[in-house]
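*Asks:* Structure, please.
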Amino acid sequence: MDIDDSTQLNETVDSDNLLNQVEEKNDISASGEKGSNNSDLSSTSERSINSPSKDGNGNKLFQDRRRLRKIAKEGEHEYNKDWMDIERKNLQAYEYLCHVEEAKEWIERCIEEKIDSKEFEEQLRRGIVLAKLAKIIQPGSVKKIFDAEKLQFRHSDNINYLFTVMKNINFPENFVFELTDLYDKKNIPKVIYCLHALSHFLEVTGFLHPAVKDLVGKLEFSEEQLNTVQENFEENGLQLPQFKNVEAAVHKEMVEMHRVEEPELTEEEKRELYYKENQDKIVAVQSIARGYIARKKYKEEYGYILEHKDEIVKIQAATRGFLQRKKYNERKQLLKDNEQSIIKIQAMVRGKIAREQYLDKKKHYDENNDKIIKIQSVYRRRKAMKCYDELKQGKPSSKTIHNYLNIVDEDSCDFDYEGEMEFLRELVIRKIKDNLELEKEVSSLDIKIELLVKNKISLQEVVHSSKKKKKNAQSIEGSESIFSTKSSDKESRRKYKLYQNLFYLVQTNQKYLSKLMIRLNSIGSSQIKTIEDIVMSLYGYAQNNREEYLYLNLIKKTIEYEVEDINDINDFWRVNPIFIKLITHYSRGAKELQYLRDLLQPLIKSVISCEGLELESDPISIYKTLIREEEFKTGQPSKRKYDVTAKEALNDEETKKKYIIHLQKLKEITTKFLDAIIDSLPKMTYSIRCIAMELSLYFTKKWPNNQADVTKILGNLIYYRYINPVICAPEGFDIIDATIEQTQRKNLAEVAKLLHNISANKPFADDNPWLQPLNEFISIAAKKFAVFFNKVACVDAPEVHFQIDEFDDLTKTSNPVIFISPKEIIETHLCILEHIDDIEVNEKDPLRLILNNLGEPSSTETSEKVINLPLVNGFADIKDDEESMKKQLFRKTKNMILDILKIQNGSSILNILNDKTTDKDEKKFQEMIDRKIRNEEQLKKKREEEKKELEYNLRNKSNPNSAHNSQTSVNKSNSNVVKSSGNLSKSAVSVSSNANNISKSNNSVNKSNNSVYKSQNEIEAKEDEIRRSQELSISLHNLKESTLAEYKQKTLENLEKLEGYHDIKKEDEYQAVLNIIGKELRNKNIQREVRLNEIKKLKQTIENLKQKEEYLLSQKETYNNYIDMCRNQISNNKKPKSKPTIFSKQYYYMKKLEKEGKVPKFGSYQYTADQLYKRGVLVSIEGIPQKMYSAIKFTISSDEPGVFTIVAKTIASKIFDPISIDITLDELLQAKYDEIQVLSISDDTAKINVNLLLHLINKK
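*Replies:* Alright, predicted model coming up:
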């Protein structure tokens, strides 16, 4: 049978049918637009991925074919009417290529080899793969495969092997292709069709399986491939075989073959065969028929019931009701007839059941005793947790407070902690202020000694000025003050209270100080320095949690205001914000310096102690250093050129080598510093991290998209402002004690500079060209530093860290205290008053109200002696004294409630206070008061003993005999210094050396005097502590005379007075008080730990301050000893005054003074103005021409050390009245120190040359 006649369908007709079905299924139709050409249609068709469509008989019509579309190009109005034919041809080509891939993939699976798709047709023509396939189908049928690369006729033998095998396995001949179809490429599609049929035949017969896979719709081909196949079809006039029916065609041929072989079946056999082949369909038809019959029968039988459903339900309900009532009445009658018997039976049954239940429960309890105990403990724990949760939520009941009273009760340990902490804090403040004063005195003495040495003058002025200053200070401190505790004046007491209110207000409401300092900073006022110092006193140098918390809030508020004023984030680098100054002051505290000391001291010492270390990066400096070393070693001039450029210096091999070594060493040391700083994050103090957090928050909030700039600002704060100064000048921060040489300091400066560039992520530019090789290192290290800076800024808020909120002051047993001088108080008052319009414009603001009540500041309060100023929150109503005392009343009432809750319990505070008291309650109350009195007396006794011990030590250390003996040894040791010191014109180096010798020999005196100085401060602090203890003891003794009932009544009266204060009201039975007590309970252990930590920190701070105090006192003593030594030298080595030349003008002038008895102690000299002018001492006289200078006389005399009297008068004519002025040596030295060349005297009447006048005085 010919394939064209039997199995191959007309592809054109079949494709038309398929395309029509596709258009109906997918609503694909040609649009009304025209103009599409063949290529356009080809390019706009796309692969369909829809589910396969089926016709009514379940046959596959279309699966994974190409969806046809026609899209006209924009601007075209006609389309090609043959577009569907073109797409049909493209579809045929696509399906053919898929069938080729199917055949290739089947052969690959059979022969287990990969075949190149591009070479598949040529490999089929050579017959190699076909011969291998034949060998797989029928082993032994292939003798030798001709595998030459170039196509030859002998390759046809390979194809014939497949023909032979197909014949041997009875493969239908109508599927077999001709040799020329393949070898001469006359009909390759027929070859592919044959391979498809062969695969299905082999699967059915069992030779090979499975057959070819269906890959239509799963492959993609280019337009070029499709067009090539289509052109080949048209060129050779080929038609595509019916691949989709190849399996059916194979089955049909095999059936025909069987028909020829087998005899014809009978009708009965055909029927059985039909039933057997269609068994499933027959069963399905039968089930449908049975269902139809059953539904019809059901409808016939139950149709009536369904139609009368409501009536049937009613009949059923009535019947059931009748039967149930009948049954109930019969049972009721039976029970009534046997009522007594039933009662007896019930009682017996109940008794038996109850006994059984009791015995079972008892047995169960006995068997599970351990478990029951555990359940009870869980229940108690849950009950306790309920109380704790109630306490934690902030609204505890009085019963809950009663359960936790053992925590609230202040034991002696807590009192000791509180007293010790207050004592240490006061001592720290005093020592800080004393050290500041000592620093000023030492600095002043240092400058004056330097000036004295340089100008070769006597030291009486220094001694005199020191005594005079001390005398004036004593006279000022002795005057009456409104801040004196002895003042009984009513007006003074009123102002004292207002100042308490004022400083509490500005301390706790940080907006006032923030605005004031920002204003002073913006106008460049000289008051800013004073306010900065006062702020540190106001916040007690942040020595306890409360003051540190408030000071951090001041910095936070200042950052907030100043960031608001910055318009661009880059403007931060051009302004000078005040918060940076506040941070700088704060970062130099004891805690912060301790962190820096632990971090940087080992690193800095390693740099300083490294011998021969040089980090110089300038090639010229390195080059010149090498020349100097060479000349020093050889003693001969170097042959190298001295003045060279940097490039010429680097051409020198030795210079270049050293330069590279210096850079490598600098990088190595900087890396150590960087790693140490990053690793120290857990040890960094909270204050710096908190400031960094606030800075980051405000800048990020205003510029959320500038995170890199914010990180740079954090680096500026953390490294440049905090760490960098310590690296550059470690001796100024007590990091090291040794003197730093110039080379060592330069090395530290190089490390600091590199770290600064890393912190700012700033590579070296043309201003530092020789450090540019380190730019890559800077880029890498800057990323690590940036991560570190951002981690620094991640900490808890101050409220969480310090456990402080708006109730903190309410829970304190005493008011906060600051240590400040009256002079600082008045200066603060003046400054706020002057700038009040910039601070607060609201006339009803508490600050303005306080200032109005205070009036003008006193001009007599100039004492610099530090006083204790308790702070009182009285700004709510300044005029009402009772209202201002509500805070104190609340604290007292709260403690009274705690005392009552220890004795009685109830549902609320109000119920407890209204309950009656028993004798037992009164006894408990008296025992509690006695216990408090005993504790307070023990504490008072302990403090008095400590005070006596301090006074005893002070008396022993200030023993005049021991001081005298020490001073004698000092004088002896000073004699050698006096001899070696020469005169006062020696250099400052010798002065420093002599002073060091004196310091060594004066050790005993220094220690004695220093101890006296320190002990006096401690005694004053202890006296204040004892005074507060006495006041508390008196109140406790008074309380002992009252009863618990009176105590409760007084508490109730206090609560009525506190109505409205912090939401205290009778309506909720004073629950607000319990809430505050509950908060105190929650934080009790935390506060105790905080106290211990604060005591530890304060002790460490005191130790550091003592070391600094000893150093400053030693310095002061050394300078004073040096002054005494020089004074003794001058008095012992006085030379007789030289007499003036006989018959000279000075001779007659001195004779005249002797007759009048007016000879000055230290001499007197007379000059004409013309003489002084010619010497250059006199510059000019206001309103007097130079030609009249000869008629004016100047007399310069001194009757007191360091004080010179200048008198000017005319000789003959009265040009002006005589003028007399006093000028001190201190004024002249200060003018010279300030580089003032010409000094005006007597209200600008005359001008003198400072240096020449000093020269004239020294000469005479």
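*Asks:* Find the residue at the geometric middle of this protein.
*Replies:* Geometric centre of the chain, nearest residue: A793, 1.6 Å, by C-alpha atoms, centre = their mean.
*Asks:* Contacts only, for it.
*Replies:* 689, 692-693, 695-696, 714 (C-beta atoms under 8 Å, 6 or more residues apart in numbering). For every residue, glycine as well, the C-beta is placed using N, CA and C.
*Asks:* ok, residues contacting stretch 1241-1253?
*Replies:* With C-beta under 8 Å, 6+ apart as the test, stretch 1241-1253 has contacts from 1175-1182, 1206, 1208, 1219, 1221, 1223, 1228, 1231-1232, 1236-1240.
*Asks:* Can you give the domain ranges for this structure?
*Replies:* If you go by the TED database, the domain ranges for the chain are 82-252, 274-393, 1145-1258.
*Asks:* Between those, which one is closest to F925.
*Replies:* Go through the domains of the chain one by one with C-beta to C-beta and the one that ends up closest to F925 is domain 274-393, at 25.1 Å.
*Asks:* Just the endpoints, please. Distance across the closest one?
*Replies:* 86 Å (C-alpha to C-alpha, to the nearest Å).
*Asks:* How far away from the center of its chain is it?
*Replies:* Centre-to-centre, domain 274-393 and its host chain are 65 Å apart (C-alpha atoms, centre = their mean, to the nearest Å).
*Asks:* ditto for stretch 1247-1260
*Replies:* Here stretch 1247-1260 is found 61 Å from its chain centre; the criterion is C-alpha atoms, centre = their mean.
*Asks:* Same question for stretch 163-183.
*Replies:* Centre-to-centre, stretch 163-183 and its host chain are 85 Å apart (C-alpha atoms, centre = their mean).
*Asks:* Return the set of buried residues in that stretch.
*Replies:* If you call a residue buried by 16 or more other C-beta atoms under 10 Å, then stretch 163-183 has these buried ones: 163, 165-166, 171-172, 174-177, 181-183.
*Asks:* Tell me the one of these nearest I282?
*Replies:* Taking C-beta to C-beta as the measure, P172 is the one of the buried residues of stretch 163-183 closest to I282, at 32.4 Å.
*Asks:* For the closest one, which non-adjacent residue is spatially closest?
*Replies:* With C-beta to C-beta, 6 or more residues apart in numbering as the criterion, P172 has its nearest non-adjacent residue at 4.1 Å, and that residue is E253.
*Asks:* quick one: the one you found and E173 touch, right?
*Replies:* No - the criterion here is C-beta atoms under 8 Å, and E253 misses it with E173 at 9.3 Å.
*Asks:* is it true that L130 touches N160?
*Replies:* No - the pair L130 / N160 is not scored as a contact, 9.4 Å apart, by C-beta under 8 Å.
*Asks:* shaky segments in the stretch 451-600 of the chain?
*Replies:* Scanning the stretch 451-600 of the chain for pLDDT under 70 picks out the ranges 451-481, 484-490, 590.
*Asks:* Tell me which stretches of it form helices.
*Replies:* 460-477, 490-508, 511-523, 527-538, 545-565, 578-586, 590-608 (DSSP state H, counting those that start in this stretch).
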